[in-house]
Every structure is written in C-alpha cells, then in structure tokens.
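[1] attaching a predicted model along with its sequence, questions to come.
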Amino acid sequence: MSSKTDCIFCKIAAGEIPCHKVYEDESFLAFLDIHPLNPGHTLLIPKNHYRWVDDVPDFGAYWEAAKKIGFSIKEHLQPKAIYYLTMGLQVAHAHIHIVPRFSDDGHSEGLDLKQIKSIAGTRMAAIAAKLKI
C-alpha cells in the first residue's frame with residue numbers, strides 16, 4: 001500500500017509529475033490515463049490522498065465531477081457509451097476511470113483491460129485540450 005509521500009497520484013495533484021489535464025477544481029483533478037483503454041480515457045482523483053473512492057468525504061461532489069467529464073467526452077468525442085469504473089488496485093489512491101466506448105474499439109461488451117491503446121503525446125495533448133472543462 002502506498003503512502004501519500006510515494007503516491008504517484010498525489011505527486012500529479014501537487015504538480016510534481018506532468019499530466020494531460022482535463023478538469024480541475026479545489027477538490028478534484030482529472031487527467032488522461034497514460035495507459036488508455038480508448039482515446040479520452042480519463043482518471044478523476046481527489047487532490048487529497050484517500051485510499052478508496054468511498055473514503056472521499058464529499059462522495060456526491062466526486063461523482064458530479066465525473067459526470068461533467070463524461071458529458072465533455074460525449075460532446076467532443078461522440079462515443080457510443082461511457083463506462084465509469086472504480087477498481088483501484090494498481091494505484092492506492094481513490095480514482096474513477098471514465099472510459100469512452102467506440103463501435104470498433106477492440107473491446108467486447110465489457111472492457112478488456114489488456115486492450116491498452118498506444119496514443120502519441122501530441123494526440124493526447126490534443127484530446128485533453130478538446131475535453132478541457
């Protein structure tokens with residue numbers, strides 16, 4: 001289990017590690033996943049370190065932020081669906097995966113977590129700029 005001092009998401013929230021930022025308010029930060037399942041795959045984290053999504057004090061505001069990001073993805077990328085996932089085993093910091101689904105994205109009805117897409121940094125920056133709220 002990671003602590004706040006060695007947590008990669010805490011370092012991203014503190015600006016110590018760069019990211020392709022999509023959304024930020026006083027409590028939450030959203031950025032494109034560097035191992036995306038599809039273009040636009042976004043991670044939403046609380047800026048403060050909480051282990052699990054349900055540890056976040058303002059749970060409702062957290063999900064409202066996720067909804068804003070989902071609406072932006074729908075508007076700008078026109079996916080056939082948006083999946084909201086809370087798995088949390090790879091990084092011990094609360095995070096919501098917001099994953100757009102496209103007709104021919106290589107996933108089955110669910111998501112194949114091994115179907116990671118390779119997206120160039122310039123394209124990631126363009127996607128983030130398009131989605132930025």
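    In hand now; what should we look at?
[2] which stretches of the protein form strands?
    All strands of the chain, identified by DSSP state E, fall at 21-24, 28-32, 42-46, 81-85, 96-101.
[3] number of residues surrounding residue 41?
    Burial of residue 41 is recorded as 23 neighbouring residues (other C-beta atoms under 10 Å). All C-beta atoms are positioned from the backbone trio N, CA, C, and that covers glycine.
[4] then the one 4 residues further on?
    Burial of residue 45 is recorded as 26 neighbouring residues (other C-beta under 10 Å).
[5] gap between it and residue 38?
    19 Å (C-beta to C-beta, to the nearest Å).
[6] that older thread, can you lay out the strands of the chain as TSV showing mean pLDDT?
    As requested, the strands of the chain are exported to TSV (pLDDT from 0 to 100):
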stretch	mean pLDDT
strand 21-24	98
strand 28-32	98
strand 42-46	98
strand 81-85	96
strand 96-101	98
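[7] the ones you listed: which one's closest to residue 13?
    Closest of the strands of the chain to residue 13 is strand 28-32, at 5.2 Å (criterion: C-beta to C-beta).
[8] mind listing the strands that closest one pairs with, and their directions?
    strand 21-24 (antiparallel), strand 42-46 (antiparallel) (DSSP bridges).
[9] so where is the chain shaky, pLDDT-wise?
    1-4 (pLDDT under 70).
[10] tell me where the longest helix sits in it.
    With secondary structure taken from DSSP state H, the chain has its longest helix at helix 59-77.
[11] for the residue nearest the centre of the chain, give me its contacts.
    For the chain, the residue sitting closest to the mean C-alpha position, by C-alpha atoms, centre = their mean, is residue 43 at 1.2 Å. Residues near residue 43 by C-beta atoms under 8 Å, 6 or more residues apart in numbering: 9, 30-33, 95-98.
[12] before we move on, the earlier item: could you dump the strands of the chain into TSV and include distance to residue 119?
    Listed next are the strands of the chain as TSV, based on distance: least, C-beta to C-beta, whole Å:
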stretch	distance to residue 119
strand 21-24	14
strand 28-32	8
strand 42-46	13
strand 81-85	18
strand 96-101	13
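[13] could you look over those and pick the most buried one?
    With neighbours taken as mean count of other C-beta atoms under 10 Å, those reach their highest mean count in strand 42-46, at a mean of 25.
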